[in-house]
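1. Sequence and predicted structure, then a few things I'm wondering about:
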Amino acid sequence: MVLNDQPILGAIGGNWYAIYTRSRCEKKVAKLMTRDGIQVYLPLRKTIRQWSDRKRLVEVPLFNSYLFVYSLPELIINVLQVDGAVYVVKFSGKPAIIPETQIENLKILLNSCSEFDISTEDFIAGERVEITEGALCGINGVFVEYRGKKRVLIRLDALNQNLVIEVKAGLLHKKIEKS
């Protein structure tokens with residue numbers, strides 16, 4: 001779900017940041033931030049939920065208690081004024097910048113029909129690959145062996161979580177790193 005696709009006033013040259021929210025408040029916080037003119041990206045996935053009397057297809061956050069905001073570095077602290085926003089994810093005491101490519105990869109993944117799992121397990125880094133065909137064309141990741149199947153790992157380091165998607169080996173090519 002992309003809310004308020006327009007950047008906040010003066011956010012040209014801004015960055016994406018991960019915001020930790022109160023539990024089960026991601027959609028509420030995203031709506032409040034949008035109301036306040038903050039550009040928000042809340043990745044949602046569709047899943048079937050079972051109640052005692054029915055099943056329903058619902059959209060749930062891809063990462064529990066996280067959403068992404070686009071802001072200038074000096075204004076990022078202002079997003080914590082929104083009710084339900086707890087803190088900005090930081091590394092070494094500074095707000096962690098989420099690369100634009102990772103946000104775009106999430107959008108590509110969620111718009112595709114591919115199935116994937118979420119894992120917080122640490123994987124041994126392998127060879128970098130790029131998907132060159134199909135709905136996931138353009139996604140870069142790390143090739144790993146996972147439960148006996150070949151899958152592509154796309155890692156969002158700032159959240160310490162992995163997206164693991166299964167693709168046919170014929171759709172992958174080695175990624176040549178530019179020096």
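-> Received it, and whenever you're ready, just let me know what you need.
2. number of nearby residues for G141?
-> Close neighbours of G141, defined as other Cβ atoms under 10 Å, add up to 24. (C-beta placed from N, C-alpha, C; glycine too.)
3. so what does the one helix or strand it maps to touch, helix or strand wise?
-> G141 belongs to strand 140-146 when elements are defined using DSSP states H and E. With contacts taken as 3 or more Cβ pairs under 8 Å, 6 or more residues apart in numbering; DSSP states H and E, strand 140-146 sits against strand 128-131, strand 149-156.
4. Can you list the neighbours in contact with the helix or strand where K46 lies?
-> Using DSSP H and E, K46 maps to strand 44-50. Residues from elsewhere that reach strand 44-50 (Cβ atoms under 8 Å, 6 or more residues apart in numbering): 1, 55-62, 110.
5. who's in contact with the residue most central in space within the chain?
-> By Cα atoms, centre = their mean, the chain has its centre lying nearest to L106, at 5.0 Å. By Cβ under 8 Å, 6+ apart, L106 lies in contact with 41, 43, 62, 156, 163.
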